[in-house]
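S.K.: give me a model of this one.
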Amino acid sequence: MEVLYRLSNTRIPENSYGLGLGNFDGIHLGHARIIDVLSEECGKLGIPSVIYTFRRHPENILKKDKKTPIILSNEQKASILEKHNIDILYFEEFTEEFSKIKPYDFVKNILVGEFNAKLLVVGYDYTFGIKGLGKANDLIELGKEFNFKTVIVPPVEVEGTAVSSTFLRKLISLGDMEKYTSMTNRQYSIPGEVTVGRKVGSKIGFPTANILPREGYALPSAGVYATKTKLGDVMYESITNIGNNPTFGCKLTTIETHIFDYEDKLYGQNIEVFFYKKLRDEMVFNSVDELRARIATDIDDAKQYFKMTSRRNGVNGENS
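M.R.: All right, here's what the predicted structure looks like:
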């Protein structure tokens, strides 16, 4: 799969293309349906497939006073999409000027003019052009003029709830990682470089690998989670605390992961933490001994959870 950015001024090779349009933040089951339909229909037409999305979330350009938390980085999107049968991932540059393009001009000048689109695949709630005035059904009519086919993918539901990026953000903020997994077929994950912390975990017998929250990204609610941590190509079971360690009077929110049966130093290394289940909310303890006993219980709970889920056909952090 080739990854192209508008900013790099890389011209897309001359050809006819099929495009899947959307933000694709979270790449949930609804997005996966769009991707599958795009791949299948492009195969029938014998044309390359393109996921056309944005480098920056449009809402964060238009609503500067109220940022939308990001679920996946562009690098994570590329990593996930690379496992699907997609030829090109194209990151458009959304700007205030771009936001003022009329729906008709967007289709004529970009989708047809630059990509020679012969196929468009969109979700049922897709909008385009200035103020989102263009709707999915409008593409069907425009296709008659510009000679392209449009496929509108209906909503995908999980337990009666329509899957959406907005709902995923809500689940993350609530710490409902199991529900998140059911709607994406993968765990929510946070990558980062291990930093030097206060070494409290080491002092009480549970050393941690600490990473900082990513600015602008969705963060699970404070508490302790059963997680798996990816070091290189290896996944280790772990528990992760998100919060500011109220027992020690700290104010900075950190992500602290204790990796089971792992003792090597990780400072400066890149890891990725996959969130499986919230075990408990953040708590204040009366003593270090009380905290130490609770962490031991958390570890037992996480190990029991992984032992139980390993008996079922579940998903793991390496799936997409």
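
S.K.: which stretches of the stretch 101-250 of the chain have low pLDDT?
M.R.: 197-205, 246-250 (pLDDT under 70).

S.K.: need the three-state assignment for Met308.
M.R.: helix (DSSP: H, G, I helix; E, B strand; the rest coil).

S.K.: and the pLDDT for it?
M.R.: At Met308, the predicted lDDT confidence score is 92.

S.K.: quickly note the distance from it to Gly175.
M.R.: Distance from Met308 to Gly175, counting by Cβ to Cβ, to the nearest Å: 19 Å. Every residue, glycine included, has its C-beta placed from N, CA and C.

S.K.: settle it for me: which of these two has more neighbours?
M.R.: Using other Cβ atoms under 10 Å as the criterion, Met308 and Gly175 rank with Gly175 on top: 24 against 10.

S.K.: wait, isn't the more buried one in contact with Leu219?
M.R.: No. Assessed by Cβ atoms under 8 Å, Gly175 is found out of contact with Leu219, at 9.9 Å.

S.K.: and Gly26, that's in a strand?
M.R.: No. Gly26: not assigned to a strand; according to three-state DSSP it is coil.

S.K.: count of neighbours near it?
M.R.: Residue crowding around Gly26 was assessed by other Cβ under 10 Å; the count is 29.

S.K.: next one: the one 10 residues further on
M.R.: By the measure other Cβ under 10 Å, the count of residues near Asp36 is 15.

S.K.: sec struct for it, please.
M.R.: Secondary structure state of Asp36, per three-state DSSP, is helix.

S.K.: and the gap between it and Val151?
M.R.: The spacing between Asp36 and Val151, counted by Cβ to Cβ, is 11 Å.

S.K.: ranges for the helices of the stretch 101-250 of the chain?
M.R.: Secondary structure of the stretch 101-250 of the chain by DSSP state H, counting those that start in this stretch: the helices cover 103-105, 136-146, 165-174, 177-184, 200-203.

S.K.: hey, C-alpha coordinates of the longest one in CSV?
M.R.: Translated: helix 136-146. Taking C-alpha atoms only, helix 136-146 is exported to CSV below (Å, rounded to 0.1, in the frame of the first residue of the first chain):
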residue,chain,number,x,y,z
ALA,A,136,-24.3,10.8,0.3
ASN,A,137,-27.3,10.7,-1.9
ASP,A,138,-26.1,13.7,-3.8
LEU,A,139,-23.1,11.6,-5.1
ILE,A,140,-25.5,9.3,-6.8
GLU,A,141,-26.9,12.2,-8.9
LEU,A,142,-23.5,13.7,-9.5
GLY,A,143,-22.3,10.3,-10.7
LYS,A,144,-24.8,10.4,-13.6
GLU,A,145,-23.1,13.6,-14.8
PHE,A,146,-19.5,12.6,-14.2
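
S.K.: would you mark the buried spots in that helix?
M.R.: Of the residues in helix 136-146, 136, 138-139, 142-143, 146 count as buried by neighbour count, 16 or more other Cβ atoms under 10 Å.

S.K.: of these, closest to Thr10?
M.R.: Of all these, Thr10 sits closest to Phe146, with 24.0 Å by Cβ to Cβ.
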